[in-house]
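Enquirer: Have a look; sequence and predicted model below, questions after that.
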Amino acid sequence: MEAYFLGIDIGTQGARMVILDSNGEVAASTEKNFGLDDQSREEQSPVMWWKACEECLLKLSAAKSNQKIISKIIAIAVTSTSGTVIPLDQFHNPLHNAIMYSDKRSTPQGEKCISIATKNNVQGFTGFNSSSGLAKMIWFQETYPEKVNQIAKWVHAADYITGLLSGVWGVTDYTNAFKSGYDVNKLEWPAYLTTDLLIKKNWLPNVLPSGSVIGTIEPQLAKKISLPKNIKIINGITDGCASQIASGAIRLGDWNTTIGTTMVIKGVTTKQLLDDEGRIYSHRHPAGYWMPGGASNTGADWVTNEFGNNIEYLSEAAAKLIPSNNFSYPLRQKGERFPMLAPHAVGFEPAGLSMEEKFTANMEGVAYLERYAFELIKQFTQEDINAVYTAGGGSNNETWLKIRSNVLNLPIFKMKHISGAVGAAILAASNTYFKSLIEAVAQMTCIEKEVYPEAILSNNYNNNYHKFIALLTSKGYIKNKIHA
């Protein structure tokens, strides 16, 4: 039986949709860009997100070449940014714009949340800094007290789109709920959220594993978009975890790096990794394992914003310049959260670099940070990392893959289709067509590229890596030396 699955990714810069068949081949795709500026890093309109979704859905269903595909879509799942939250009124309308994960205004509230969670002996995660949904909820309560009584529900970005697709509200998943204070050990919202932070219990959603079927498509929407009325709507997942799914790194011992707007590193372990500094946190795997990792504020947001349409030329030029001895840290906002906790960190680069040199140094800087992250992880797991699966827009650049493989001194595996939307589509298939997420990933992913380190280049990068880390240490961004 032919079967298709639709994945929706509401990213920082746009909405993307992918339809996969049961073998993981892309049958159709489309996207709508939002653009990115300083204001959109703090707040975005969820209504704008939904209009973009409707536009993309209409575009997919209107294409004559998609008619057979559309009629055989079995399920839809949504992914979006972790830590982005929206207060809704009783009619499921936003009381405020979505408060983005990258919004730093909730820094004081994050410190308050960390203090209270620590005081209440929370086990597993107390890193409720400004990138957490919990800190943003408290910020909203304190900033807009006149709106507090109008709150009916707090939802995450993926939940909002899922609610409009299904008409089912008040449901979220483990990965989204995690940074909003949900206890993934006890599988409950802890009491201190209400007693100490004054978050009402009825504001908080019911939490189910990612991939759970929560309903079918809302009938009026199905009619408007010309979609089958029996499409199942699946409980979503955060973007980093969706990219991890698409990368293939979903079995025990696998590790993934997703380089999109930010850099997210996640793996699969039997035990939860506990980090007192909150740099590493452990999501709950849909199969019951743990998915530890962290999200950096450094990623690939500098690529298109600063180098426009010259990426192909610059990548070819960079291939001739590596390894460079220029040390750049392309952090485009103040503060870093992983692999070091440095709220005062700012990006830097040598003066007088050409465009080609700057592009090269930026790619190398992200790779050095990635290596430092894996050395931090190894300190916790005491286990070797044998290979890295990769996803996100940054993994499409062959020169960058070569740099990263040699900086890490590890093989890097890139799947054929690696976007967050693809991960969401695989999630949609996991409990509707396949028996589990692990089975869905095995059937719907395929390695497209394998990159291996080269001895001389890797050795040169090893020397430069230690110089880069020494530079970060001299600036006070790294405080505790890692003994990997």
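Expert: Received it, and whenever you're ready, just let me know what you need.
Enquirer: quick one: average confidence on stretch 169-176?
Expert: The pLDDT scores in stretch 169-176 average 96.
Enquirer: So what touches it?
Expert: The contact list for stretch 169-176 (CB atoms under 8 Å, 6 or more residues apart in numbering) reads 82, 88, 92, 133, 153, 155-156, 158-159, 162-163, 182, 184, 205-210, 212, 214, 235-238, 241, 283-284, 286, 291. From N, CA and C alone the C-beta is placed, and that goes for glycine too.
Enquirer: Among those, which are located in strands?
Expert: Counted as lying in strands by DSSP state E, out of the contacts of stretch 169-176, are 88, 153, 155-156, 206-208, 214, 235-238, 283-284, 291.
Enquirer: coming back round to it: tell me the buried residues within the contacts of stretch 169-176.
Expert: Buried members of these, scored by 16 or more other CB atoms under 10 Å, are 82, 88, 133, 153, 155-156, 158-159, 162-163, 182, 184, 205, 207-210, 212, 214, 235-238, 241, 283-284, 286, 291.
Enquirer: Domain-wise, how is this structure divided?
Expert: 4-239, 251-416+445-474 (automatic domain parsing).
Enquirer: residue nearest the centroid of the chain?
Expert: The centre of the chain sits closest to Gly240, judged by CA atoms, centre = their mean, with a distance of 2.6 Å.
Enquirer: Quick check: closest non-adjacent residue to that one.
Expert: Sequence neighbours aside, Val264 is the residue nearest to Gly240 in space, at 3.7 Å (criterion: CB to CB, 6 or more residues apart in numbering).
Enquirer: Scan the helices and strands of this protein for the one with the lowest mean pLDDT.
Expert: Lowest on mean pLDDT, DSSP states H and E among the helices and strands of the chain sits helix 38-42, with a mean of 76.
Enquirer: Let me see the residues that make contact with it.
Expert: Helix 38-42 is contacted by residues 12, 34, 99-100, 102-105, 333 when judged by CB under 8 Å, 6+ apart.
Enquirer: 10 Å - rerun?
Expert: 12-13, 34, 48, 97-106, 261, 301, 332-333 (CB atoms under 10 Å, 6 or more residues apart in numbering).
Enquirer: how distant is the helix or strand following it from the center of its chain?
Expert: Next helix or strand after helix 38-42 toward the C-terminus (DSSP states H and E): strand 43-44. With CA atoms, centre = their mean, to the nearest Å as the basis, strand 43-44 stands 17 Å off its chain's centre.
Enquirer: Sheet partners, orientation included, of strand 43-44?
Expert: Applying DSSP bridges to the sheet, strand 43-44 is found paired with strand 98-99 (antiparallel).
Enquirer: List the neighbours of the strand it pairs with that are in contact with it.
Expert: Residues contacting strand 98-99 (CB under 10 Å, 6+ apart): 10, 40, 42-49, 80-81, 83-87, 105-106, 133, 135-137, 139-140, 143, 155-157, 160.
Enquirer: avg pLDDT for it?
Expert: 97.
Enquirer: which of the contacts of strand 98-99 are buried?
Expert: Those of these that meet the buried threshold are 10, 40, 42, 44, 46, 49, 80-81, 83-87, 106, 133, 135-137, 139-140, 155-157, 160, by 16+ other CB under 10 Å.
Enquirer: among the residues you listed, which are in helices?
Expert: 40, 42, 46, 49, 133, 135-137, 139-140, 157, 160 (DSSP state H).
Enquirer: Of those residues, which pair is most distant in space?
Expert: By the measure CB to CB, Trp49 and Ala135 form the most distant pair in these, at 21.6 Å.
Enquirer: need the contact list for Gly293.
Expert: 240-241, 244, 255-258, 264-269, 273, 279-283, 338, 373, 377.
Enquirer: Which helix or strand contains it?
Expert: strand 290-296.
Enquirer: which helices and strands does the longest helix along the chain pack with?
Expert: The single longest helix within the chain, with elements called by DSSP H, is helix 355-381. For helix 355-381, the elements it packs on are strand 255-259, strand 263-267, strand 290-296, helix 301-307, helix 311-321, strand 388-391, helix 398-408, helix 455-474, judged by 3 or more CB pairs under 10 Å, 6 or more residues apart in numbering; DSSP states H and E.
Enquirer: from those, which stretch is densest packed?
Expert: strand 255-259 (a mean of 29; mean count of other CB atoms under 10 Å).
Enquirer: just checking, what packs against it?
Expert: helix 239-247, strand 263-267, strand 290-296, helix 355-381, strand 388-391, helix 398-408, strand 412-415.
Enquirer: Let me have the ones you listed in JSON lines, extended by mean pLDDT.
Expert: As requested, those are exported to JSON lines (pLDDT from 0 to 100):
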{"stretch": "helix 239-247", "mean pLDDT": "90"}
{"stretch": "strand 263-267", "mean pLDDT": "93"}
{"stretch": "strand 290-296", "mean pLDDT": "91"}
{"stretch": "helix 355-381", "mean pLDDT": "96"}
{"stretch": "strand 388-391", "mean pLDDT": "92"}
{"stretch": "helix 398-408", "mean pLDDT": "98"}
{"stretch": "strand 412-415", "mean pLDDT": "94"}
